[in-house]
Structures are given as structure tokens and as C-alpha cells.
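> A predicted structure for the sequence below; I have some questions about it.
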Amino acid sequence: MRFYDEMINESAPGALQAVPATTTVPSAEYPRVYADGRAIFRVNLPSAKSVQLEGGQGLCSKPVPMTKDAEGNWSVTIPPTVMGFHYYWFNVDGVRMNDPGSQTFFGYNRETSGIELPDPQQISSDLVTAPVVPFYAPHKGTPLGQLHEHWYRSEVTDRWRRYFVYTPASYYDATGNRYPVLYLQHGAGEDETGWSRQGGVNFIVDNAINGTSSSFFARAAGPKSKEMIVVMDNGYATYAKPGSDKRDPSENFLPSFMRSGIEAFGSVLINELIPMIDSTYRTVADRDHRAMAGLSMGGMQTMAITMANLDKFSYIGTFSGAQFARPRPSSGSVAASAPPFDPKTSYGGAFADAEAFNSKVHLLWMGVGTAEAEMNDSLRENAEKLRAAGIKLSEFHFPGVAHEWQTWRLCLNRFVPLLFQA
């Protein structure tokens, strides 16, 4: 993957001021990004009769027709849109196809093309003399942590599973220090690679630790982040033994894979993953030094697991979390029949005693993008219910971003510096 400091020398005017995106494969020239925030996509398909660009919520809300030239190249230039990572693909005569010019990332339950759209300040030296490197990319002079890949055989699922671990730059110093741990989960349709590949978790945490995070609304001024370990496991799990599922019947509005998955993954996390991390890495193995957070489905898992295990976690975060979402019945969603959130009864009554909850939980943090309308409205409504019940929490609504990775990067960048400060 090309990094942002390789893009800042382009200063030609007009159409020539476009450079390959950081996610474009080295042998390709397209997709390209312009200094004004536009992007151009091009693919050679001489025999195709119709090609459209399709993508995630922030890139294009509906299919965008592409135009064919005499050489069989189909292309389209999209207007400036939200910076950050976006999934996309081509619809070729009704068949979905990835872009051979782009890297792929696991999303939408398959390998999917992705593009990184930078802020104009990050690609044109005409605009600024010192372009700003985003908080989710490596900064020169910032010590870099490491990502580690592990496989293990789960007794809960009777399957091989994989997880990734981030350790800060200081972990292998001779000090022998112990570190708090954040368990960080991906969303539905993605996997344990999401936070490192699409999210840039290692760079976000590196920069937060070293005070080099930079974005006009990425995070508030405050202390540098504490050094920490971050663990990212696969969020899908199914019990190996029939009858092991003891979920609450009130969760029957959820899709079947989520109903069983939350319960089984919780068992994997509590009974297998946490003990394995504490025995493998130099952790501070107590609840005051353990956090959990997740995006979308991972946010739902985070709430369900932590609320049932407050003896294990004291810092909790959800990013576009589905724990409060009640889509309109017209959407056809299976979650449309979700019961209203009630602080007195939901999550087994975990919120019923506000004083007890507040004494246990050092931070309950919830973030969402304003462009994901249902979740944005739901968070406002239910955060107010929690406050009325006496529950302490923090919420943030990031302007203009949708149910996509830029929202979740911004959430993590706000959340991480608040951890383990108590």
C-alpha cells in the first residue's frame, strides 16, 4: 500500500493533477484521485454492453453509469465525496465484478475492491506547503507498533480460529512493563482483518500514544493515549455442542446467525481468548485494565458481552453499534420488530441500578455518523434514556460520515485516548 507522503509532489494543473489512489495496485494507473477530491475509475471491458460503478454508503448512494471509449475503456469521474476508505465494485451487464486495478478487502462477505479517498491537502503541494498526514496513516518519527497473527483451536466451536494482536512500540523494550488490553471487534460481512487493513488500527493507536493524531474533528485536545495491547478476533462463532446456546428469548428479533453468534462468541471471548491473551502477553489481567469495543455488529456484541460480564470489563465502546437500532418497518429488515430499549430491563437489567453501574464502568462511549440516519437518531434517543436513568456515558456524532470505515476510524481515534486514564 502506498502511503500519503508519496503523493504530495503532484502539482500539475487540471486533469494532470490526479494520482493513483493509495489503494491502487502498483501495476495500475486507475483508480486515480484529484486534488479537489474527485476520483476517476476506469476498466477495460471491450465486450461489455453496460458498466456501472457501485459502492458503499459514502461513495455513491446508487449505481453510477460509466462511459465507454473507442478502445473499450469504461470510465467515470465522481464528484468530491467523503474522504476515507470506501468499498466499491463494477456492475458489468448485471454481474458484480471487482476492479482489477484496486486492492481488495474482506467486506460484504467477500473480497471487495476498496479505494482510499484523501483530503485535498494530502495530495496537492499547491494547496499547502506541509500536507497533513491523516491520523490513520504512519507519521514520520512516530515509533510504530507491531501486528501479530495467531491461530488457535477453539473448544467452544471445535474449529480453528484466528486473531490479531497489536503491541505498542515499547512492548519489546527491556522494561518488562505490563499493558492494559482493548478487545476490538469488526462488523457484519467483515472479519478479523478489518481493523488492521481497512481501519488502520495500528497507526491510529501509534499516533494516539505519541500525540500525533491530526484531524479537524478526529479527537478533542487531551492527554496522550496510554500504551495498550489491542486484540481483534473473528466475530463469528457457533457452538460445537447442540443445546449450548442459552441466549435470552427476547433476542429472537435478530437474524439467526447473530442470535447464536453473540452467545457463542461471548463464550469464546470470556472462556478462551481472554485467558489465552493474559497467558501469552504481558497484560494487566484485571477489569480496570480491560476494554471492549466494536463497530456495527461488533458494537452489538460488545454491549451484549460486557453487560453480562461487568466483572471483566470497565471500559466499553460502540461505533455505529446496532444495540439500539430499530429500522423502519418499510425497510423490510428483520430487526424492525426489535423491542424498544428500556434502561430498567434491557441487557438483563444491567442499567437498572445507576449508582452500581457507574461505580463499575469507568467509560461508556458511543459514536455514530450523522449520515447513518437511523442509527444517529436511535443513539440520540436512547442515550437520553440512559442519562434520564442516571447512567453516565459519552456520545459523539461525527458530521457527514456514513456507516463506513471513516466513521469507525474517527470513533476509535476519539475512544482510545480516553481508555485506562482512571
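Everything's here; your move.
> where is the longest helix in the chain?
helix 373-388 (DSSP state H).
> which residues touch that one?
For helix 373-388, contacts defined as CB atoms under 8 Å, 6 or more residues apart in numbering pick out 320-322, 324-328, 341-343, 351, 364, 366, 368-370, 393, 395, 397, 403. Placement of C-beta: from N, CA and C, glycine included.
> rerun that using 6 Å as the cut-off
The contact list for helix 373-388 (CB atoms under 6 Å, 6 or more residues apart in numbering) reads 320, 324-325, 327, 341, 343, 366, 368, 370, 393, 395.
> just the CA trace of stretch 66-84, in CSV.
Extracted in CSV, the C-alpha atoms of stretch 66-84 (Å, rounded to 0.1, in the frame of the first residue of the first chain):
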residue,chain,number,x,y,z
MET,A,66,-19.8,4.5,-16.8
THR,A,67,-18.9,5.7,-20.4
LYS,A,68,-17.1,3.5,-23.0
ASP,A,69,-14.4,4.9,-25.3
ALA,A,70,-13.2,3.6,-28.7
GLU,A,71,-10.6,1.4,-27.0
GLY,A,72,-13.2,-0.3,-24.8
ASN,A,73,-12.3,1.6,-21.6
TRP,A,74,-15.2,2.3,-19.4
SER,A,75,-14.7,5.3,-17.1
VAL,A,76,-16.5,7.7,-14.8
THR,A,77,-15.3,10.6,-12.6
ILE,A,78,-17.2,11.1,-9.4
PRO,A,79,-17.5,14.5,-7.6
PRO,A,80,-15.8,15.2,-4.3
THR,A,81,-17.1,12.9,-1.6
VAL,A,82,-16.3,11.9,2.0
MET,A,83,-12.6,11.2,2.5
GLY,A,84,-11.5,7.9,3.8
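> show me what counts as buried in that stretch.
Residues 66, 68, 74-78, 81-84 are the ones in stretch 66-84 that count as buried (16 or more other CB atoms under 10 Å).
> how about stretch 173-193?
For stretch 173-193, a neighbour-count test (16+ other CB under 10 Å) marks 179-188, 190-193 as buried.
> which is the next helix or strand following the helix or strand bottoming out on mean pLDDT in the chain?
For the chain, the helix or strand with the lowest mean confidence is helix 256-268, at a mean of 74 (criterion: mean pLDDT, DSSP states H and E). Using DSSP states H and E, the next helix or strand after helix 256-268 towards the C-terminus is helix 274-280.
> ok, and what's touching that following helix?
By CB under 6 Å, 6+ apart, helix 274-280 touches 231, 285.
> pLDDT on the helix or strand following it, on average?
The first helix or strand that comes after helix 274-280 along the chain, using DSSP H and E, is strand 290-295. Strand 290-295 carries an average pLDDT of 98.
> now do stretch 27-43
91.
> got it, and stretch 173-181?
Stretch 173-181 carries an average pLDDT of 92.
> ok, now stretch 413-422?
94.
> quick check: closest non-adjacent residue to Ala371.
Nearest residue to Ala371, sequence neighbours excluded (CB to CB, 6 or more residues apart in numbering): Ala402, at 4.0 Å.
> now swap in Ala188 and tell me
Using CB to CB, 6+ apart, the nearest residue to Ala188 is Met297, at 3.9 Å.
> ok, Phe105 next?
Gly114 (4.5 Å).
> contact partners of the helix or strand hosting that neighbour?
In the assignment (DSSP H and E), Gly114 maps to strand 110-117. Residues from elsewhere that reach strand 110-117 (CB under 6 Å, 6+ apart): 21-23, 31, 83, 85-89, 98-99, 102, 104-105.
> helices or strands up against the next helix or strand after that strand?
As assigned by DSSP H and E, the chain's next helix or strand after strand 110-117 is strand 146-154. Under the contact criterion of 3 or more CB pairs under 6 Å, 6 or more residues apart in numbering; DSSP states H and E, strand 146-154 touches strand 159-167.
> so Ser225 sits against Asn207, correct?
No: Ser225 is not in contact with Asn207 according to CB atoms under 6 Å; the separation is 8.7 Å.
> who's more crowded, these two?
Comparing Ser225 with Asn207 by other CB atoms under 10 Å, the one with more neighbours is Asn207, at 28 against 25.
> for that one, which three-state class applies?
helix (DSSP: H, G, I helix; E, B strand; the rest coil).
> thought it was touching Pro134?
No: if you go by CB under 6 Å, Asn207 and Pro134 don't touch, sitting 9.1 Å apart.
> okay, now the unreliable bits of this structure?
Within the chain, the stretches with pLDDT under 70 are 1-16, 120-131, 213-223, 242-261, 325-338.
> quickly list the domain ranges of it.
Following the assignment in automatic domain parsing, the chain carries domains at 4-122, 146-418.
> need those domains in a markdown table (columns: distance to His139).
A markdown table is the format used below for the domains of the chain (distance: least, CB to CB, whole Å):
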| stretch | distance to His139 |
| --- | --- |
| domain 4-122 | 9 |
| domain 146-418 | 5 |
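> Lys140: which of those is closest?
Nearest to Lys140, of all the domains of the chain, is domain 4-122, at 7.1 Å by CB to CB.
> before we move on, the earlier item: and the strand holding Gly114, which strands flank it?
strand 84-92 (antiparallel), strand 104-107 (antiparallel) (DSSP bridges).
> and it, what's buried?
Residues 112-117 are the ones in strand 110-117 that count as buried (16+ other CB under 10 Å).
> ok, now stretch 397-405?
Buried-residue list, stretch 397-405, by 16+ other CB under 10 Å: 397-398, 401-405.
> how about stretch 81-95?
81-92.
> now the two most distant members of those residues.
Largest separation among those by CB to CB: Met83 and Val92, giving 27.5 Å.
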